[in-house]
Structures are given as C-alpha cells and as structure tokens.
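[1] Generate coordinates for the sequence data below:
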Amino acid sequence: MRKKLTMLIAENNERNRTQFQKIYEEEYHVLIAANGCEALEILQKEDVDIMILALDMPCGEGEKVIRQMKKNERWENIPIIVKTVKYSKAQAKQLGMGADDCLVMPEDMEAVKNSVEHMVKHCVNRPKVFRYSEMSLLIIDDDALACEFTKLHIRRLGMRYQVADSAELAVQMIADAIAADRPFAMCLINGQMHQSDSAAVVNKIRERFDENQLLISCVCRECGSEQASTHSGADYILEWPITQEKLYRLMTNVQRDLEKKHEKYTLQNNQKGLQ
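    You can find the predicted model right below:
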C-alpha cells in the first residue's frame, strides 16, 4: 500500500480549512495551520510534500510564508498552490511570487483537484534528496549543556538520535545498532569534549568499525579549516554554534555520500557475481 503524502493546508478561514480537509483527508495525511506562524512551525517539525496556502491571510502572512520557504533549503522545493478570494489572478501571481500555481476562489473544486494532481505528478514524485525521519545519528559529547543545544536542533529537523557521553559507550552503541540492523547514519562528535580527545574517539571508532565506513562529523569552533579536519580525522567539520541551516547542509552531504557508497557497494557485488 502506497504511503500517504503529507499535505499542509494553511488557511485562516475555518470553513475553508474544513472544506479542503474533507476533500483530501482520505488520500493525504492532512496537516492544518490557521495562520502563517503555525504553518512555519509545522514545516519545522514535519516532512511536507505539498502545500495549499491562502494568500488572503491578515498582515500578508501568506506572502511571508512563501518568502521564508524559498529562503530555506529544506522547504524551497515543496510545491505551493496559493488560493485567493480578494485578488485577481494577475495580482495573486505577483504577491505569491514563488508559488507553483494560483487559484482564484470561488473555483470549481475540480480545478483545485487538477492543480493538486499536477503538482504531485510533476513535483512531489521527483526523487527526494533527503528524508530526515530516515536518518539516525549518534551524538558523542560529554558536555551536557552543549549536548542539549545540539539535540534541540536535531529534534527541530525531526531526526532520530541517541547520545553517548564517552568513547566506550559510543563503541558499544554503534556495535549494538549494527547487530540490530539499524546502524547509525553518522556520528556527531563534540570537538572540544572535557574528558576525551575527539581525534582519539574518531580513531577508536575507525579501528573497530572500519568495514562499515561510518561517516563522522566533528563539531569545532575553528571550523572549516583543513587543519581542523585533518586533526580530528572526521569526514566533515561542522562549525559551532550549530544552526538548523548548517545541520541541514551537513546531512544533505551525508545523504549524498551514503548514496554514492551504496552505488559503489552494489557495483562491487554485481562484479563479484559476474566473476
């Protein structure tokens, strides 16, 4: 059975919200926002596939939501259908610049359905680069305060995580995850831990799990330099303080590299099968 796509309906008119929800709740996992702030909060927490957005919300909230989405790497490719009652189509297209389609209401609901179907066919069903819910991270950090800050941003992106406060515990947790066939996608290590040297922790993980080629990122304050990367032995360097944008870019790179590793592994197995 095909997994339901997630639709976000952002509409300040309760009657309209209810109408759209009834139309789509059987086919889609429908999320409802009564204003722009609620819409952005839902986008932070959920993986949204398509959005119907009322352009008529007070204080230009509809336009603000579009601008915020187009500035965010995680949201910029979500198809947006804007709907309006008080604007002409030309005005709505100008105000809702960046939206994928524009509907002037009252509109034949068949036209609305056709617009949604078009967006799903041509935009939503493209291969996705990354789904946060499919990722699992291991945070290795003995600084409780810094760890809470890291966890906050990971939770906001909807990613799963576990925490180890020592190299010994991290090694055991990685081994347990591999044995359970639920390996971590990446380890995120605090480069300035109090009790452990981050490079030593990386080396310990590499020695034990080299065949799994676990990807490792080190959080450093002197970020980005080749020296920091070489010293830590990590695959990536993440600059402190962590932000959602930095974390998103990192995890997009991780997913890209995981896909390359998978393709390489598949090719090697195919070549062995031919020998």
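
[2] Quick one: neighbours of Glu25, just the number.
    Number of residues near Glu25 (other Cβ atoms under 10 Å) recorded here: 14. Placement of C-beta: from N, CA and C, glycine included.

[3] try Trp240
    With other Cβ under 10 Å as criterion, Trp240 counts 17.

[4] ok, it - contacts?
    Counting by Cβ atoms under 8 Å, 6 or more residues apart in numbering, Trp240 touches Gly191, Val219, Cys220, Arg221, Cys223.

[5] if I look at it, how far off is Phe149?
    9 Å (Cβ to Cβ, to the nearest Å).

[6] for stretch 165-175, what is the average pLDDT?
    What stretch 165-175 shows for mean pLDDT is 94.

[7] cool, stretch 90-98 as well?
    69.

[8] ditto for stretch 188-197
    Computed over stretch 188-197, the average pLDDT equals 88.

[9] Pull out the buried positions in that stretch.
    By 16 or more other Cβ atoms under 10 Å, the buried positions in stretch 188-197 come out as Leu188, Ile189, Asn190, Gly191, Met193, Ser196.

[10] need those residues in CSV with distance to Gly98 and secondary structure, can you?
    Converted to CSV, those look like this (distance: Cβ to Cβ, whole Å; DSSP: H, G, I helix; E, B strand; the rest coil):
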residue, distance to Gly98, secondary structure
Leu188, 33, strand
Ile189, 38, strand
Asn190, 38, strand
Gly191, 38, coil
Met193, 43, coil
Ser196, 46, coil
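
[11] How far does the strand or helix carrying Glu148 sit from its chain's centre?
    Taking DSSP states H and E as the criterion, Glu148 maps to helix 144-156. In terms of Cα atoms, centre = their mean, to the nearest Å, the centre of helix 144-156 is found 16 Å from the chain centre.
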